[in-house]
Structures are given as structure tokens and as C-alpha cells.
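Student: Below: sequence and its predicted model.
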Amino acid sequence: RKTYERSIEMALTDSLTGLYNRRYLTAHLDGQIGRVERGGKSLSMIMFDIDFFKRVNDSHGHAAGDSVLKELAERVSGNLRSFDTVARMGGEEFVIVMPDTNVGIACAVAERLRQDIENNGFTVPELSTTLPITISIGVATARENGDTSESILKRADDALYHAKDTGRNRAVLNTDGVFESITPVLQEEVAGGGR
């Protein structure tokens, strides 16, 4: 039984970070989108990746890169609610699925995460110093009708690439193909009574 449970765990988790993998994420996301359609619940997604991660590997080696990925996974997991799900999509790309979360809260979490990563260097055992790391983030929310795991992932991914294309180390919200920086969205949220 333990071997069976271990093999299931290995099939659904990323061996380096211990986070869920893409296979698990897709199945989990399908279930969450079903909840949105059935009960009008909100669902938000944050997709992010490390800026210039190749430079970390090229300059300091793959062991240093692995240390950064593991620490990032721990930091993100430690700063979310117990029912949020974090998954490693592959490489240096990650996704957070946030049930019962509206766009304002998702944007606030994304910006808080971005600032935490930027302001706190990463400890790498092989180096005598901490590494400065930044991330780019895309945010999307589920539509009440006709959304799929692929379509919300695509919107978050498009927002992430918009963040990369417009300077990196930023968070961008994608509302049906309209991209806006998270910071103005947060100011609107505070000033204007929700969204």
C-alpha cells in the first residue's frame, strides 16, 4: 500500500519542489471551474515565473538554480491559504489556483508576492551571498459560463508574457484580452468599491 501511495504521489507532484505538477493542476482546475459554473463561486489564478532564470543557472550552476526553485516553492506555499493550490508547470513557471477569490484579492496577493520576492534575496548554500531574484506575474479570473482549464490558463499565460514584454518584475491582470498593471487595479479597488 505504501508503494502504491508513493507512486501516486510521484505521479502528481514535482520531485524537486514537492509542489503539485501540471497533470494534477489540470484535473484540479477542471473541478474548480465546475464549482464556478454550478454555484457562481469566484476563482482566480496567478501564473508567474522567474525573470532571467537562465542567468542563474549559467552564472552559478544548476544546483544554485535548484536551490532558488525550492526556496521559491517554500515561500509561496507558506504565504497562501490552506485551500489554495500551488503547482509547478515546468522549468521556472508556477501557478496558484485560488478558489473563492475575487479579482481584487488575487491582485493584492500577486503584488504582495512580487514584492516579497524582489525585497528578500535567495539563500544559496553553494554561494556566500544571497541572490537577487524577481518574478513576472499574470492574473486571470474564471468566467461564470463557458470557461475551461485551458482558457483560464491561456489568459493567465498571456498576462504573464505581457508582464515580461513590458519590463519584467511586474504583475499584470488579463480581463478578456485587456491587460492592466496590478498597481492601478489595486488603487481602483481601494478607491472605487470593488470590481
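Tutor: Done, it's in. Numbers count the residues shown, from 1 in each chain.

Student: all contacts plus neighbour counts: C-alpha atoms, from now on.
Tutor: Fine.

Student: Helices of the chain, start to end?
Tutor: Using DSSP state H, the helices of the chain run over 2-12, 22-39, 53-60, 62-78, 103-119, 149-165, 182-192.

Student: how far is the longest one from where the chain is centred?
Tutor: Helix 22-39 sits 16 Å away from the centroid of its parent chain (C-alpha atoms, centre = their mean, to the nearest Å).

Student: Can you show me the CA trace of it as PDB?
Tutor: Below are the C-alpha coordinates for helix 22-39, written out as PDB (Å, rounded to 0.1, in the frame of the first residue of the first chain):
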ATOM      1  CA  ARG A  22       0.900  20.100 -14.300                       C
ATOM      2  CA  ARG A  23      -1.100  16.800 -14.500                       C
ATOM      3  CA  TYR A  24      -2.600  17.400 -11.100                       C
ATOM      4  CA  LEU A  25      -3.200  21.100 -11.800                       C
ATOM      5  CA  THR A  26      -5.300  20.400 -14.900                       C
ATOM      6  CA  ALA A  27      -7.500  17.900 -13.100                       C
ATOM      7  CA  HIS A  28      -7.900  20.200 -10.000                       C
ATOM      8  CA  LEU A  29      -8.600  23.200 -12.200                       C
ATOM      9  CA  ASP A  30     -11.400  21.300 -14.100                       C
ATOM     10  CA  GLY A  31     -13.100  20.600 -10.700                       C
ATOM     11  CA  GLN A  32     -12.800  24.200  -9.600                       C
ATOM     12  CA  ILE A  33     -14.200  25.600 -12.800                       C
ATOM     13  CA  GLY A  34     -17.200  23.200 -12.400                       C
ATOM     14  CA  ARG A  35     -17.800  24.800  -9.000                       C
ATOM     15  CA  VAL A  36     -17.800  28.200 -10.600                       C
ATOM     16  CA  GLU A  37     -20.400  27.100 -13.100                       C
ATOM     17  CA  ARG A  38     -22.600  25.300 -10.600                       C
ATOM     18  CA  GLY A  39     -22.600  27.800  -7.800                       C
END
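
Student: returning to what we had before: let's have the helices of the chain in TSV, adding mean pLDDT and mean neighbour count.
Tutor: Output for the helices of the chain, formatted as TSV (pLDDT from 0 to 100; neighbours: other C-alpha atoms under 10 Å):
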stretch	mean pLDDT	mean neighbour count
helix 2-12	66	11
helix 22-39	89	16
helix 53-60	93	14
helix 62-78	94	17
helix 103-119	95	19
helix 149-165	96	21
helix 182-192	56	15
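
Student: Could you dump the ones you listed into CSV with distance to residue 93 added?
Tutor: CSV is the format used below for those (distance: least, C-alpha to C-alpha, whole Å):
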stretch, distance to residue 93
helix 2-12, 16
helix 22-39, 10
helix 53-60, 10
helix 62-78, 10
helix 103-119, 14
helix 149-165, 10
helix 182-192, 19
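
Student: Nearest to residue 126 among these would be which one?
Tutor: Residue 126 sits nearest to helix 62-78 of all these, at 6.7 Å, using C-alpha to C-alpha.

Student: Just give me how far that closest one sits from the chain centre.
Tutor: 13 Å.

Student: which outside residues touch that helix?
Tutor: 16-17, 19, 53, 56-57, 86, 92, 113, 122-126 (C-alpha atoms under 8 Å, 6 or more residues apart in numbering).
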